[in-house]
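Enquirer: prediction below, plus the sequence it came from.
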Amino acid sequence: MRWDVTTWAVAALVLIAAETLAPGAFLLWMGFAAAAMLLLVLFLPGIPLLAQVALFVVLSFVSIQVYRRWFRNRGRQSDRPLLNRRAEQNIGLVVPLDQAIVGGRGRIRIGDAFWTVEGPDLPAGTPVRVVAADGMTLKVQEA
């Protein structure tokens, strides 16, 4: 067996196996590029080493770009897109102010949690509508 064929076979296997240790699909595509190099040197012997390495770099770049453009954002859409966005789940709710908004900041209670709110100055007890979320601060306006 030729050393270049063996080297590219080992490189392809190592890169594809390394993907299990560092998920993110980056090493997988480099492994595919190494597998393509394996086939290339297998069927076209005599390619200089420097040309092999340069072609591997180009194939790696191209394969990663293919992944980023066509496969990365094609996952299934969630039936609950706000599942881990707790503050954004409250947008649209109308609740009374627990603590008056003074100087643009106040507090409301939603369920068993208190939320810091920002909006126009209003007295406690005024119903407000949550219109946006900025981190863990809710933006409100009078309902």
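Expert: Structure's in. What do you need?
Enquirer: neighbours of Asp121, how many?
Expert: Applying the criterion other Cβ atoms under 10 Å, we find 11 residues in the vicinity of Asp121. Using the backbone N, CA and C atoms, a C-beta is placed for each residue, glycine as well.
Enquirer: pretty sure it contacts Arg105?
Expert: No - assessed by Cβ atoms under 8 Å, Asp121 is found out of contact with Arg105, at 9.5 Å.
Enquirer: can you list residues touching both of the two?
Expert: Shared contacts of Asp121 and Arg105, defined by Cβ atoms under 8 Å, 6 or more residues apart in numbering, are absent.
Enquirer: any idea how far Leu27 is from Gln141?
Expert: Taking Cβ to Cβ, to the nearest Å as the measure, Leu27 and Gln141 are separated by 49 Å.
Enquirer: with Asp134 instead?
Expert: Shown here: Asp134 relative to Gln141, a distance of 14 Å by Cβ to Cβ.
Enquirer: count of neighbours near Tyr49?
Expert: Not Tyr; residue 49 is Leu. For Leu49, the number of neighbouring residues by other Cβ under 10 Å comes to 11.
Enquirer: quick one, what contacts it?
Expert: By Cβ under 8 Å, 6+ apart, the contact list for Leu49 reads Asp4.
Enquirer: so between Leu27 and Gln141, which is more surrounded?
Expert: Leu27 (20 against 12).
Enquirer: let me see the contact set for Ser60.
Expert: Residues 29-30, 33 are the ones in contact with Ser60 under the rule Cβ under 8 Å, 6+ apart.
Enquirer: closest to Val5 among these?
Expert: Of all the contacts of Ser60, Ala33 has the smallest distance to Val5: 15.6 Å, by Cβ to Cβ.
Enquirer: the nearest residue to Tyr67 once chain neighbours are set aside: helix or strand, and which one exactly?
Expert: The spatially closest residue to Tyr67, leaving aside those adjacent along the chain, is Trp29, at 5.0 Å (Cβ to Cβ, 6 or more residues apart in numbering). Using DSSP states H and E, Trp29 falls within helix 26-43.
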